[in-house]
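[1] Fold the stuff below for me.
(one chain, ligands or ions: 1)
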Amino acid sequence: MLDATHDPSLRSFVDSANDPACDFPLQNLPLCTFQRDGGAPEVGVALGDRLVSLRALAAGGALPGAPDDFLGSLSTTLAARGLAGVRALRPALSLLYRDGARSVVAEEALVPASACALLLPLPPRSYTDFYASIHHATTVGAMFRPDNPLLPNYKHVPIGYHGRASSVVPSGAPVRRPRGQTKADDAPAPTVGPARSLDWELELACVIGRGNRLGEPVSLADAEASALGLVLLNDWSARDLQRWEYQPLGPVLAKSFATTISPYVVTFEALAPFRAPRAARPAGDPQPLPYLDDARDREAGAVDLEVEAWLSTERMRARGEGPVRVSRGSFADLYWTFGQMIAHHTSNGCNLEPGDLLGSGTVSNAAPDARGCLLELTWDGPGRPRRPIALPGGEARTFLEDGDEVTLRASAEREGFRRVGFGACAGRVLPAG
Ligand code: MN
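    Have a look, this model is predicted:
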């Protein structure tokens with residue numbers, strides 16, 4: 001899995017990519033879809049503070065094939081070249097942009113990222129959100145069922161629900177506070193109005209790169225080979241709408257108003273140095289059924305990422321204060337891996353398609369400051385009032401207010417390898433319409 005593209009000593013002739021704090025060194029090469037000067041959307045790769053126009057490279061003969069394979073979005077590229085063809089870009093780009101390899105074609109394909117609009121990397125065909133953090137499931141379960149927080153199926157089935165693909169938006173797109181039905185416990189009937197308990201959910205999502213035929217499950221051994229890579233995902237949630245609507249079925253309008261993803265798909269190839277054993281199950285927990293278990297998934301099914309949520313309010317920005325970090329945790333201790341989620345999702349014959357998004361579910365760890373949403377961060381135990389989180393300047397939040405901006409980040413760091421990052425997944429709350 002590791003090859004010359006992971007060599008930590010590799011430097012690029014694009015200076016900004018060599019900054020140790022940069023999310024996009026030559027070892028990362030995440031894929032994106034961008035637009036400059038209102039022109040046609042095209043497929044690019046992030047390198048330092050630049051984007052590489054793959055279309056320009058192909059037009060200049062530095063990449064094989066038709067330049068139009070990179071027009072539109074990554075779905076065009078996947079359809080034209082297949083997942084193997086997309087994977088072949090990494091070694092080619094690693095050579096083209098290496099220090100000392102400077103060529104006119106490679107140089108002319110560079111565009112300042114700040115001059116471009118970053119779009120959805122590919123329009124998702126379908127979106128499924130899992131629930132793979134047992135800490136999240138246990139804390140949230142305890143709010144509704146103090147005596148029985150975790151339902152008995154949790155340790156056997158990767159739980160998920162089918163989300164809404166049409167309202168997935170790229171980082172930077174505003175998120176309008178939804179209206180909906182809510183009902184207070186002591187009210188005789190529901191009312192309609194703006195949601196009052198708006199929340200974020202810090203997640204990673206797996207982008208499918210190659211589909212499977214309807215009726216043909218994907219084995220765990222083949223699962224990751226069908227995936228392109230990962231993006232950050234904010235599963236915005238209106239908790240007061242959710243409380244009233246979700247029983248007995250599941251999340252619907254409480255989540256379908258917006259889901260934000262980061263614009264850069266960090267490929268599984270880039271993440272190869274940061275793989276980790278699947279989190280060990282506590283003694284006494286059942287082992288996964290055979291279709292959800294193999295040696296490779298046990299040994300390296302997890303991805304060791306640090307994940308963070310940052311918050312900035314209108315008042316903080318007016319005073320010139322930067323965002324504050326409100327959560328920091330690890331992505332490595334999920335109860336289920338993306339491989340298991342893919343194998344489970346297709347186990348009944350359901351077909352995944354290129355561009356499908358599989359969310360991990362809120363990433364929460366055991367530590368109280370490593371909880372991936374306000375619902376958990378402000379919870380103080382059964383029956384106790386919520387404890388708002390304190391922000392600089394005397395503000396506090398139990399749930400999000402209009403003007404609040406949430407930014408999710410993730411990065412991977414390991415001794416002997418170059419750190420890679422995911423960029424930002426940001427969204428600002430607009431007042432209800
Ligand atoms: Mn979620």
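[2] Could you check how far residue 231 is from residue 59?
    Going from residue 231 to residue 59 by C-beta to C-beta, to the nearest Å gives 27 Å. Placement of C-beta: from N, CA and C, glycine included.
[3] Compare those two (neighbour count), which wins?
    Neighbours were counted for residue 231 and for residue 59 using other C-beta atoms under 10 Å; residue 231 has more, 30 against 17.
[4] Could you confirm that one falls within a strand?
    Yes: looking at residue 231 with DSSP: H, G, I helix; E, B strand; the rest coil, it is inside a strand.
[5] Count the neighbours of residue 179 for me.
    Residues contacting residue 179 under the criterion other C-beta under 10 Å number 16.
[6] Show me what it bridges to in the sheet.
    Beta bridges link residue 179 to residue 194, judged by DSSP bridges.
[7] pLDDT score assigned to it?
    If you check residue 179, the pLDDT there is 98.
[8] buried residues in stretch 176-189?
    Residues 177-182 are the ones in stretch 176-189 that count as buried (16 or more other C-beta atoms under 10 Å).
[9] Mind picking the two most distant members of those residues?
    Using C-beta to C-beta, the buried residues of stretch 176-189 span at most 14.6 Å, a distance reached by 177 and 181.
[10] Centre of the chain to whatever helix or strand residue 205 lives in, how far?
    Remark: residue 205 resides in strand 202-208, with elements defined by DSSP states H and E. Its chain's C-alpha centre and that of strand 202-208 lie 4 Å apart, by C-alpha atoms, centre = their mean, to the nearest Å.
[11] Adjacent strands (with direction) for that strand?
    According to DSSP bridges, strand 202-208 forms sheet pairs with strand 227-234 (antiparallel), strand 357-359 (antiparallel).
[12] how about the residues of the stretch 101-250 of the chain near the ion?
    For the stretch 101-250 of the chain, the contact set with the ion under C-beta under 5 Å from the ion comprises 129, 201, 235.
[13] Next, find the distance separating the second one from residue 138.
    Just to be clear, that refers to residue 201. Distance of residue 201 to residue 138, given as C-beta to C-beta: 16 Å.
[14] now swap in residue 45 and tell me
    39 Å.
[15] between the two, which one's more packed in?
    With neighbours defined as other C-beta under 10 Å, residue 45 and residue 138 compare such that residue 45 has more, 25 against 16.
[16] ok, for the more buried one, nearest residue in space, not its chain neighbours?
    Leaving aside its sequence neighbours, residue 45 sits nearest to residue 52 (C-beta to C-beta, 6 or more residues apart in numbering; 4.5 Å).
[17] so the one you found sits in a helix?
    No: going by three-state DSSP, the assignment for residue 52 is strand, not a helix.
[18] check contacts around it.
    By C-beta atoms under 8 Å, 6 or more residues apart in numbering, residue 52 lies in contact with 44-46, 93, 97, 106, 109-111.
[19] just residue 231 next, same as before
    121, 204-205, 207, 261-266, 357, 422, 425.
[20] Please enumerate the strands of the stretch 301-433 of the chain.
    Along the stretch 301-433 of the chain, the segments classed as strands by DSSP state E, counting those that start in this stretch run 302-303, 306-312, 324-330, 357-359, 389-390, 396-397, 405-412, 420-421, 425-430.
[21] quick one, the third one and strand 202-208 angle?
    Strand 324-330 and strand 202-208 are oriented at 60 degrees to each other (axes from the mean of the first three to the mean of the last three C-alpha atoms, to 10 degrees).
[22] Neighbours of the closest residue to the ion within the stretch 201-350 of the chain, how many?
    Evaluated by C-beta to the ion, the stretch 201-350 of the chain has residue 235 as its residue closest to the ion, separated by 3.4 Å. The number of residues packed near residue 235 is 25, by other C-beta under 10 Å.
[23] Which residue, other than its chain neighbours, is closest to it?
    Distances taken as C-beta to C-beta, 6+ apart place residue 201 nearest to residue 235, at 3.9 Å, with adjacent residues excluded.
[24] got it, and residue 254?
    Nearest one to residue 254, counting by C-beta to C-beta, 6+ apart, is residue 242 at 3.5 Å.
[25] so where's the stretch 201-350 of the chain uncertain?
    Judged against pLDDT under 70, the stretch 201-350 of the chain has no low-scoring part.
[26] Could you pull out the helices in it for me?
    Along the stretch 201-350 of the chain, counting by DSSP state H, counting those that start in this stretch, helices occupy 220-223, 239-245, 295-300, 314-318, 338-346.
[27] Can I get the ones you listed in JSON lines including mean neighbour count and distance to residue 366?
    As requested, the helices of the stretch 201-350 of the chain are exported to JSON lines (neighbours: other C-beta atoms under 10 Å; distance: least, C-beta to C-beta, whole Å):
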{"stretch": "helix 220-223", "mean neighbour count": "20", "distance to residue 366": "26"}
{"stretch": "helix 239-245", "mean neighbour count": "20", "distance to residue 366": "22"}
{"stretch": "helix 295-300", "mean neighbour count": "15", "distance to residue 366": "21"}
{"stretch": "helix 314-318", "mean neighbour count": "15", "distance to residue 366": "29"}
{"stretch": "helix 338-346", "mean neighbour count": "25", "distance to residue 366": "21"}
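[28] of all those, which lies closest to residue 78?
    Closest to residue 78 of the helices of the stretch 201-350 of the chain, according to C-beta to C-beta: helix 338-346, at 16.4 Å.
[29] related to what we said a few turns ago, which single one of the contacts of residue 52 is nearest to residue 334?
    Taking those together and measuring to residue 334 by C-beta to C-beta, the closest member is residue 46, at 25.8 Å.
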